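sequence plus the predicted model coming up.
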Amino acid sequence: MNTETPVILSAVRTPIGKFQGGLAGFPAPELGGRVVAEAMRRAELEAKQVDEVILGNVVEAGLGQNPARQAALKGGCQPRVAAMTINKVCGSGLKAVALAAQAVQLGESEIVVAGGMESMSNCPYLLLQARTGYRLGDGKLVDSMINDGLWDAYENFHMGMTGELVAEKYRVTREEQDRFAVESHQKAVRARKSCFFEAQILPIEVPQKRGDPLVIQYDESPREDTSLEALAKLKPAFKKDGTVTAGNAPGTNDGAAALVVTSERNASRLGKQPIARIVAQAVSGVEPKWVMMAPVDAVEKLLAKAGWDRDKDVDLVELNEAFAVAAIAVTRQLRLNPEKVNV
């Protein structure tokens, strides 16, 4: 069977806002709509040329039907354009891109807008037994951000505990985690100062009660004053005498990103110059409590499918920094050169 080679025509993202920060006033579909529109604009496409929109979103509670469809219409797509919301937790946005690539490879769609969107600032609280009623006593409000996004539904503990398990099994120390976190902040701050991210970020205007809108154009979480000394003072967040803290764990954020995916042949026909080619993709599952180590098998499969040597053929690696301990352990298990990871 002949398949098409998927390529990326454009890529854009919002700044990443802090929890209850500058982007807190925008529900996920609104942020998604902004990047869908901008991705099409940057690819110099008309709305009528798009066949499908696929967007990842994790905490859908309270957002209404099919958030990706909402984002597609907010972004200017025509009503005939199908849309699908994907929930693969941390991998939702990447899975959306993978599905877009598959649709293009198989000739099911010619042009797909794919990406992800999340507004953790707008995750609602839930009253789970309100439907059937409470006979006696008080009701308990459940935080959907924790319940639907950050809680291991199988082991019944916070995802932070998966970090503690990895730290213990793979012997990653607290100091190593803190050092990784500091370096991550430093890399992000350097990138901001050098305007490295400027081309990929769509500034967001936030209306104010008086005067001009506030323009959010930089990621809000990276801190220039983060230091080993400051992180060392933080207490373990998930386990007594543990090593995972608020300083070396991920933040809670708001943001969205989108790509335009098409085939190499279609790009040529339209006179478009792709910015990247999608060579291969791979997935892997593990026992739930070891989810932080799932990238190891997936990357091994990916290298085999692409026929690549990790040392000779790979220049840069983008690895999820869900927890500093996970990034460290995965880098070691894959025998990656740390200087190539998340530069």
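On my side now, so go ahead.

which residues does the closest residue to residue 22 other than its chain neighbours bridge with?
Leaving aside its chain neighbours, residue 22 sits nearest to residue 216 (4.1 Å; criterion: CB to CB, 6 or more residues apart in numbering). Where you see a C-beta, it was placed from the backbone N, CA and C, and this is true even at glycine. Following DSSP bridges, residue 216 is listed with bridge partners residue 204.

so what's residue 216 up against?
Applying CB atoms under 8 Å, 6 or more residues apart in numbering, we find residue 216 in contact with 14-15, 17, 22-23, 203-206.

for residue 147, same thing?
So residue 147 contacts residue 126 (CB under 8 Å, 6+ apart).

same thing but 10 Å
Contact analysis of residue 147 by CB atoms under 10 Å, 6 or more residues apart in numbering lists 59, 61, 123, 125-126, 128, 153.

mind telling me what element residue 189 is part of?
Assigned by DSSP states H and E, residue 189 falls within helix 174-193.

give me the distance from that helix to the chain's centre.
18 Å (CA atoms, centre = their mean, to the nearest Å).

other SSEs contacting that helix?
Applying 3 or more CB pairs under 10 Å, 6 or more residues apart in numbering; DSSP states H and E, one finds that helix 174-193 contacts helix 160-169, helix 228-232, helix 324-333.

with respect to residue 267, which of those helices lies nearest?
helix 324-333 (33.0 Å; CB to CB).

for that closest one, C-alpha coordinates in CSV please.
Taking C-alpha atoms only, helix 324-333 is exported to CSV below (Å, rounded to 0.1, in the frame of the first residue of the first chain):
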residue,chain,number,x,y,z
ALA,A,324,12.6,16.3,37.0
VAL,A,325,13.1,12.8,38.3
ALA,A,326,11.3,11.3,35.3
ALA,A,327,13.3,13.2,32.8
ILE,A,328,16.6,12.2,34.5
ALA,A,329,15.7,8.5,34.7
VAL,A,330,14.4,8.3,31.1
THR,A,331,17.5,10.1,29.8
ARG,A,332,19.7,7.5,31.6
GLN,A,333,17.7,4.5,30.6
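
for the protein, which strand extends over the most residues?
Longest strand of the chain, by residue count under DSSP state E: strand 253-263.

packing partners for that strand?
By 3+ CB pairs under 10 Å, 6+ apart, strand 253-263 packs against strand 6-13, strand 17-18, helix 28-42, strand 52-56, helix 92-105, strand 111-119, strand 204-206, helix 264-270.

reformat those as TSV; add mean pLDDT and distance to residue 244.
TSV is the format used below for the helices and strands packed on strand 253-263 (pLDDT from 0 to 100; distance: least, CB to CB, whole Å):
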stretch	mean pLDDT	distance to residue 244
strand 6-13	99	27
strand 17-18	98	20
helix 28-42	99	27
strand 52-56	99	25
helix 92-105	98	23
strand 111-119	99	22
strand 204-206	97	31
helix 264-270	98	43
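
do you know which of those lies nearest residue 281?
Residue 281 sits nearest to helix 92-105 of all the helices and strands packed on strand 253-263, at 4.7 Å, using CB to CB.

ok, back up a step: would you mind listing which of the contacts of residue 147 are buried?
59, 61, 123, 126 (16 or more other CB atoms under 10 Å).

farthest-apart pair in the contacts of residue 147, please.
Pairwise distances among those were taken by CB to CB; the largest, 18.3 Å, belongs to 125 and 153.

report the rounded mean pLDDT for the longest strand of the chain.
Mean per-residue pLDDT for strand 253-263: 99.

pull out the buried residues from it.
Quick answer for strand 253-263 (16+ other CB under 10 Å): 253-263.

next, count neighbours for the residue nearest to residue 272 when sequence neighbours are not counted.
Once flanking residues are discounted, residue 272 sits nearest to residue 9: 5.4 Å by CB to CB, 6+ apart. Close neighbours of residue 9, defined as other CB atoms under 10 Å, add up to 24.
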